[in-house]
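# Structure, please.
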Amino acid sequence: MLGYHVVEVSWFFTLAGVQRPDGWLDEPLPGTAQPPDSVCAQLGVDPPRTRRDAIPLLVAAGLLVDDGAGGFSAGTPRPATEVLDLPGTVGARVEAGALRTAYSWLASDVTSIAAWSNPARVEELAALLAVPAETVEPLLEFAVSDRLIRRANGAVTARFPARRHGPRRFDGWSRGAFAARSR
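The predicted structure follows:
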């Protein structure tokens with residue numbers, strides 16, 4: 001929502017070892033790097049034109065926290081869909097991206113457990129994944145919607161692509177493909 005070049009300013013304050021040349025904060029934001037004016041207005045700040053101008057926006061968005069001594073630390077921002085009034089399609093894309101970020105790695109673990117257990121019991125997943133029990137239900141909804149697993153009767157099975165014409169094999173060696181290529 002804020003753009004790479006604006007978020008990059010937060011890294012300047014929060015990532016150890018990020019070096020920038022003197023005056024970097026006072027340089028204009030590159031060409032199309034300005035966040036939408038509507039986002040700035042909803043957060044109650046002026047649209048930034050330089051990197052330094054982006055600091056109040058980053059504080060308002062919760063990415064930075066002012067330490068009161070002229071420095072900043074990393075904040076814990078609320079989801080953009082909770083803070084901003086976004087058009088339907090944008091809000092849906094942001095929520096889908098947040099779900100993917102939150103559950104992709106864990107969903108691959110569920111798929112592996114389901115494949116090895118064949119089937120895996122839903123009530124055992126929290127312990128197997130080492131996650132709180134309340135994480136399991138939204139995780140399973142994500143994995144089902146992403147077509148990674150099937151869920152039925154308290155069990156989870158992995159979905160594998162169907163083979164179309166039986167097992168694949170390479171017949172090139174027996175047909176002389178290597179010999180023909182090496183001539």
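# hey, let's count contacts and neighbours off CA atoms from now on
OK.
# Pull out the buried positions in the host helix or strand of residue 116.
Per DSSP states H and E, residue 116 falls inside helix 88-117. Buried residues in helix 88-117, counted by 16 or more other C-alpha atoms under 10 Å: 91, 94, 100, 103-104, 106-107, 110-115.
# Let me have these in CSV, extended by distance to residue 34 and pLDDT.
Listed next are those as CSV, based on distance: C-alpha to C-alpha, whole Å; pLDDT from 0 to 100:
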residue, distance to residue 34, pLDDT
91, 19, 82
94, 19, 81
100, 26, 82
103, 30, 84
104, 30, 85
106, 34, 90
107, 35, 90
110, 40, 92
111, 40, 92
112, 42, 92
113, 44, 93
114, 45, 91
115, 46, 91
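# from those residues, which single one is nearest residue 20?
Set against residue 20, the nearest of the buried residues of helix 88-117 by C-alpha to C-alpha is residue 94 (30.3 Å).
# ok, that closest one - contacts?
Residue 94 makes contacts with 80-81, as judged by C-alpha atoms under 8 Å, 6 or more residues apart in numbering.
# any chance you could map the strands in the chain?
Assigned strands in the chain, in chain order: 64-66, 72-74, 120-121, 149-152, 155-158 (criterion: DSSP state E).
# Where does pLDDT dip in this protein?
For the chain, the stretches with pLDDT under 70 are 16-17, 33, 161-183.
# Make JSON lines from the strands of the chain and add distance to residue 57 and mean neighbour count to it.
Converted to JSON lines, these look like this (distance: least, C-alpha to C-alpha, whole Å; neighbours: other C-alpha atoms under 10 Å):
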{"stretch": "strand 64-66", "distance to residue 57": "9", "mean neighbour count": "20"}
{"stretch": "strand 72-74", "distance to residue 57": "13", "mean neighbour count": "17"}
{"stretch": "strand 120-121", "distance to residue 57": "46", "mean neighbour count": "20"}
{"stretch": "strand 149-152", "distance to residue 57": "41", "mean neighbour count": "17"}
{"stretch": "strand 155-158", "distance to residue 57": "44", "mean neighbour count": "22"}
